[in-house]
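In: Predicted model follows, preceded by the sequence.
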Amino acid sequence: NAGVMQNPRHLVRRRGQEARLRCSPMKGHSHVYWYRQLPEEGLKFMVYLQKENIIDESGMPKERFSAEFPKEGPSILRIQQVVRGDSAAYFCASSPLVEQYFGPGTRLTVT
Amino acid sequence: DAKTTQPPSMDCAEGRAANLPCNHSTISGNEYVYWYRQIHSQGPQYIIHGLKNNETNEMASLIITEDRKSSTLILPHATLRDTAVYYCIVRVEGSQGNLIFGKGTKLSVKP
């Protein structure tokens, strides 16, 4: 059973571009969480999704950030018009119900 | 904010037991204590969780005090690969909500 997959593992974007981060949950998992980890800081929750539904987006910045988890395909975290402060590691976790299994993360660098 | 307090860092000699403390004085009756760790640049990894009884698995042991206000994660024979940041998290069992990570304890296992 493959683990949680994230791609790309590293992403470089210039200021103002869009970043799209993908997360493929473990087989059979219908819950996805996104977390952000700024340099030298702990993980911060961003958004919790189930298939086709956003359950909790209380940790998402109000502007430029969006997330989806379609019926088919991976979950996508989209950051529009990236700024240097968006540089961070973005982790997703998938869950069958309660326990969360984390992916290897996507390291976003905004130049 | 995290509901737990951990020392920022600890050292341990290779082959010795590593005992990582965690204070959770405001823990509720239905909240479990979870431990995760994050090895450098990787996604967090689940270690163990418990309610009030001591727990043991192939990775570690969890000792919870009788009043449940603190706990200790024990790695019985630490190796260099156990060097990581260890996070203690309290969470309602069965909760589908996000994990709240504090700053954790940076454990350095030294040869």
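Out: Now that the structure is in, tell me what you want to look at. These numbers come from a predicted model, not from an experiment.
In: didn't B:Thr5 look like it was pressed against B:Ile27?
Out: No - the criterion here is CB atoms under 8 Å, and B:Thr5 misses it with B:Ile27 at 11.6 Å. The way it works is simple: take the backbone N, C-alpha and C, and place the C-beta from them, glycine included.
In: Settle it for me: which of these two has more neighbours?
Out: Set B:Thr5 next to B:Ile27 and count neighbours by other CB atoms under 10 Å in any protein chain shown: B:Ile27 wins out with 20 against 14.
In: Surely that one and B:Asp67 touch.
Out: No - in this structure, B:Ile27 is not within contact of B:Asp67 by CB under 8 Å, at 9.4 Å.
In: Quick check on whatever residue of chain A ends up closest to chain B: phi, psi?
Out: For chain A and chain B, the shortest gap (CB to the nearest CB) falls at A:Phe102, measuring 3.3 Å. The phi/psi pair for A:Phe102 (degrees, to the nearest 10) reads phi -90, psi 150.
In: Give the helix, strand or coil label for the closest residue to it other than its chain neighbours.
Out: Nearest residue to A:Phe102, sequence neighbours excluded (CB to CB, 6 or more residues apart in numbering or on different chains): B:Gly43, at 3.3 Å. B:Gly43 falls in the coil class when you classify it by DSSP: H, G, I helix; E, B strand; the rest coil.
In: middle-most residue in chain B, spatially?
Out: B:Trp35 (3.6 Å; CA atoms, centre = their mean).
In: that's a strand at that one, yeah?
Out: Yes - assigned with three-state DSSP, B:Trp35 falls within a strand.
In: roughly how far apart are the spatially closest residue to it that is not a sequence neighbour and A:Met60?
Out: Sequence neighbours aside, B:Ile47 is the residue nearest to B:Trp35 in space, at 4.3 Å (criterion: CB to CB, 6+ apart). Distance, B:Ile47 to A:Met60, by CB to CB, to the nearest Å: 28 Å.
In: Give me the mean pLDDT for the host helix or strand of A:Ser94.
Out: A:Ser94 is located in strand A:88-95, with elements delineated by DSSP states H and E. Average pLDDT, strand A:88-95: 95.
In: Contacts for it next, please.
Out: If you take CB atoms under 8 Å, 6 or more residues apart in numbering or on different chains as the criterion, strand A:88-95 is touched by A:4, A:6, A:21, A:23, A:25-26, A:29, A:31-39, A:43, A:75, A:77, A:100-103, A:105-108, B:41, B:43-44, B:96, B:99.
In: which of these are buried?
Out: Applying 16 or more other CB atoms under 10 Å in any protein chain shown to the contacts of strand A:88-95, the neighbour count classes A:4, A:6, A:21, A:23, A:25-26, A:29, A:31-37, A:43, A:75, A:77, A:100-103, A:105-108, B:43-44, B:99 as buried.
In: Spatially nearest residue to B:Ile89 (excluding sequence neighbours)?
Out: Using CB to CB, 6+ apart, the closest residue to B:Ile89 is B:Tyr34 (4.5 Å).
In: Is there a neighbour count for that neighbour? I'd like the number.
Out: As a burial measure, B:Tyr34 scores 21 neighbours (other CB under 10 Å).
In: And B:Ile63, by the same measure?
Out: Neighbours around B:Ile63, by other CB under 10 Å: 16.
In: Many thanks, I have nothing further to ask.
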